[in-house]
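**Q** What shape does this take:
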Amino acid sequence: MDRTDIGRDRLGADGDDFYAALMAAHEGLSLEESARLNAKLVLLLANQVGDLETIRKVLAAARGSA
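**A** Predicted structure coming up:
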């Protein structure tokens, strides 16, 4: 995966549905519970990606935009 490819919209119109599902998953959680959910989600998605180099590039991109 090229670094310029990171962040490219692959969900299209489903992106809105994903965002709604993500917000619903956080509904009613405390800040700590929300952070725990996010950590679990990141680990599960990283496992789905399954490529450490890609994961490193995504982490770097995310940190760069923080």
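**Q** Name the residues that touch the biggest helix by length in the chain?
**A** In the chain, assigned by DSSP state H, the helix with the most residues is helix 31-49. With contacts defined as Cβ atoms under 8 Å, 6 or more residues apart in numbering, helix 31-49 is touched by 25-26, 29, 55, 58. Using the backbone N, CA and C atoms, a C-beta is placed for each residue, glycine as well.
**Q** rerun that using 10 Å as the cut-off
**A** Residues outside helix 31-49 that contact it (Cβ atoms under 10 Å, 6 or more residues apart in numbering) are 1, 22, 25-30, 52, 54-55, 58-59, 62.
**Q** shaky segments in this structure?
**A** Along the chain, the parts satisfying pLDDT under 70 run over 1-4, 65-66.
**Q** and the gap between the residue of it most remote from its centre and Leu52?
**A** Centroid-distance maximum for the chain: Gly28 at 20.1 Å, with Cα atoms, centre = their mean. Computed as Cβ to Cβ, to the nearest Å, the Gly28 to Leu52 distance reads 34 Å.
**Q** tally of neighbours for His26?
**A** Applying other Cβ atoms under 10 Å, we find 13 residues neighbouring His26.
**Q** and it, what is it in contact with?
**A** With contacts defined as Cβ under 10 Å, 6+ apart, His26 is in contact with 33-34, 37-38.
**Q** packing partners for the helix or strand harbouring Glu53?
**A** Using DSSP states H and E, Glu53 falls within helix 52-64. For helix 52-64, the elements it packs on are helix 31-49, judged by 3 or more Cβ pairs under 10 Å, 6 or more residues apart in numbering; DSSP states H and E.
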